[in-house]
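# One predicted model, sequence on top.
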Amino acid sequence: MNLRQVLTNSLNVLMMLFGVFMSYKAWGLYTNCESPLVVVLSGSMEPAFERGDILFLSNPKKAIDIGEICVFKIPGRDIPIVHRVIDRHDSPETGGQLLLTKGDNNNADDRGLYQELYVNRGKMWIEPKDVVGRVQGFLPYLGMFTIFMTDYPLLKYALLGGVGLVVFLYE
Amino acid sequence: MNSLQNRANAVMAFSISAIFCLLGAIAFSALIIPSNPTGTVALDSIKVVTGRYDKYWVDYKTRDNEFANTIMRIDADLTSLFHWNTKQLFVYAVAEYSTPTHPKNQIVLWDTIIKRKSKAMIRKKGVTNKYSLIDVNKKWTNVQANVSIHWNIVPYVGFMTYGHSKASEGYAFPLPSGIQN
């Protein structure tokens, strides 16, 4: 193992990481979506989406349609929610839409969720500005990797260690 | 160099790209498989009642909010939408209307999830609306709504696709005729 080899390997690993990161960001620009890939974390859209499935998002210009599945954020809540639009009311004067959502696997619509925080009391609708992406495509299971890594941090360190070993040992 | 590591690497890389090519082919094939879904929804009855809470006990604060109750007849044949990449259909009946303040409004009245081809023929009478039918302005005067059946094909892998039937005739909402219980 010499220094030159280690440096070349680290350069290769970094090139790969930055390449992936750059293409992800470019894809985000193309789809008009800050994070064009999300992993489903809850079972509220079962049986369509299960925990660990990957969703491909985009944010087209056209109005959100009824029945579309949106990823949205409620003010004051960190984790975005993936649910289906069951009501829409468009008003061109304000340029906006009022949307109501519901998880396929939930019994009630999401008004309980919207109003969960005290600051959001009386919130009856979400609006397109709350929507971070609209589901266009679906890939099952593969998101389990990231779920495992957040559930078992040891796995994350093992992976990082593996990359480190490659840098030092690969010839 | 034909070390074990190189061979394992080559096998892994090849199988991963082969799997993704196959998944891509399946995803795109779903877009070109022909289908001829049909469906109609008709309202047998439509009544308007006033009340304070909706079906999920959301509080509308006053007692004069107008909720509409409908009885639907649904006929649909969606069997042709089941192909090798159909995991499930999400089928929903939608009421569409326009008001002076909001030119386009759509409200889901009823929905169901279909997971088998043999269940994709829907013949239902006397279906009441599962979700509250209330406008943003909470009034139904001078409003005409039409209803249609929509579907969303959820794939095993690939693109979410949507479709809908032709809209029914317009139904006028009557004046409020009771108090919601």
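In hand now; what should we look at?
# When you work out contacts or count neighbours from here on, use the C-alpha atoms and nothing else.
Will do.
# the helices in chain A, which residues?
Counting by DSSP state H, the segments of chain A that form helices are A:3-31, A:111-114, A:144-151, A:153-169.
# So which residues on chain A come close to chain B?
A:48, A:66-67, A:86-92, A:108-109, A:111-112, A:135-140 (CA under 8 Å from any CA of the partner chain).
# re earlier: highest mean neighbour count out of the helices of chain A?
helix A:111-114 (a mean of 18; mean count of other CA atoms under 10 Å in any protein chain shown).
# distance between it and the chain's centre?
In terms of CA atoms, centre = their mean, to the nearest Å, the centre of helix A:111-114 is found 20 Å from the chain centre.
# domain assignment for chain B?
Following automatic domain parsing, one finds the domains of chain B at B:1-32, B:36-172.
# mind listing what the most centrally placed residue in chain A touches?
Note on chain A: the residue nearest the mean C-alpha position is A:V38, at 2.5 Å, using CA atoms, centre = their mean. With contact set as CA atoms under 8 Å, 6 or more residues apart in numbering or on different chains, A:V38 has these partners: A:54-57.
# Dump these to JSON lines, plus distance to B:N142 and neighbour count.
Output for the contacts of A:V38, formatted as JSON lines (distance: CA to CA, whole Å; neighbours: other CA atoms under 10 Å in any protein chain shown):
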{"residue": "A:I54", "distance to B:N142": "45", "neighbour count": "22"}
{"residue": "A:L55", "distance to B:N142": "42", "neighbour count": "24"}
{"residue": "A:F56", "distance to B:N142": "42", "neighbour count": "20"}
{"residue": "A:L57", "distance to B:N142": "39", "neighbour count": "25"}
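# Let's have those in TSV, adding pLDDT.
Converted to TSV, the contacts of A:V38 look like this (pLDDT from 0 to 100):
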residue	pLDDT
A:I54	95
A:L55	96
A:F56	96
A:L57	96
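# Show me those residues that map onto strands.
Here DSSP state E is the test, and those give A:54-57 as lying in strands.
# which among those gets closest to B:T141?
A:L57 (39.1 Å; CA to CA).
# And the lowest-mean-pLDDT helix or strand in chain A, what does it pack against?
Every helix and strand of chain A was ranked by mean pLDDT, DSSP states H and E. The lowest is helix A:153-169, at a mean of 88. Where contact means 3 or more CA pairs under 8 Å, 6 or more residues apart in numbering or on different chains; DSSP states H and E, helix A:153-169 is packed against helix A:3-31, helix A:144-151.
# Give me the residues contacting the lengthiest strand in chain A.
Longest strand in chain A, counting residues (DSSP E): strand A:81-91. Outside of strand A:81-91, the residues within contact range by CA under 8 Å, 6+ apart are A:40, A:44-45, A:65-73, A:96-104, B:101-108, B:136.
# for residue 116, what are its contacts?
Since you didn't name a chain, this refers to chain A. Counted by CA under 8 Å, 6+ apart, A:E116 has zero contacts.
# actually it's chain B I care about, not the one you picked
B:82, B:88.
# Around chain A, which positions in chain B sit nearby?
B:56, B:58, B:87-88, B:92, B:101-108, B:136, B:152, B:154-160.
# Skipping its backbone neighbours, what lies nearest the residue nearest the centre of chain B in space?
Against the mean C-alpha coordinate of chain B, by CA atoms, centre = their mean, the closest residue is B:Y92 at 3.0 Å. Using CA to CA, 6 or more residues apart in numbering or on different chains and skipping residues adjacent in sequence, the residue nearest B:Y92 is B:D111, 4.1 Å away.
# Starting from A:T146, give me the distance back to A:A26.
Relative to A:T146, A:A26 is positioned 21 Å away (CA to CA, to the nearest Å).
# again with B:S80
36 Å.
# mind pulling up the phi and psi values for B:I46?
Dihedral angles of B:I46 (phi, psi; degrees, to the nearest 10) stand at phi -140, psi 130.
# who are the neighbours in contact with it?
By CA under 8 Å, 6+ apart, B:I46 lies in contact with B:68-71, B:173-174.
# In strands, which of those fall?
Per DSSP E, the contacts of B:I46 map to strands at B:68-71.
# Farthest pair within those?
It's B:A68 and B:I71 that sit farthest apart of the ones in strands among the contacts of B:I46, by CA to CA, at 10.2 Å.
# Have a look at these two and say which one is more surrounded.
B:A68 (22 against 16; other CA atoms under 10 Å in any protein chain shown).
# Tell me if I'm right that that one and B:L133 touch.
Yes - using CA atoms under 8 Å, B:A68 is in contact with B:L133, at 5.3 Å.
# ranges for the helices of chain B?
Counting by DSSP H, the helices of chain B are B:4-32.
# in stretch A:28-45, what counts as buried?
Using 16 or more other CA atoms under 10 Å in any protein chain shown as the test for burial, stretch A:28-45 gives A:28, A:31-41, A:43-45.
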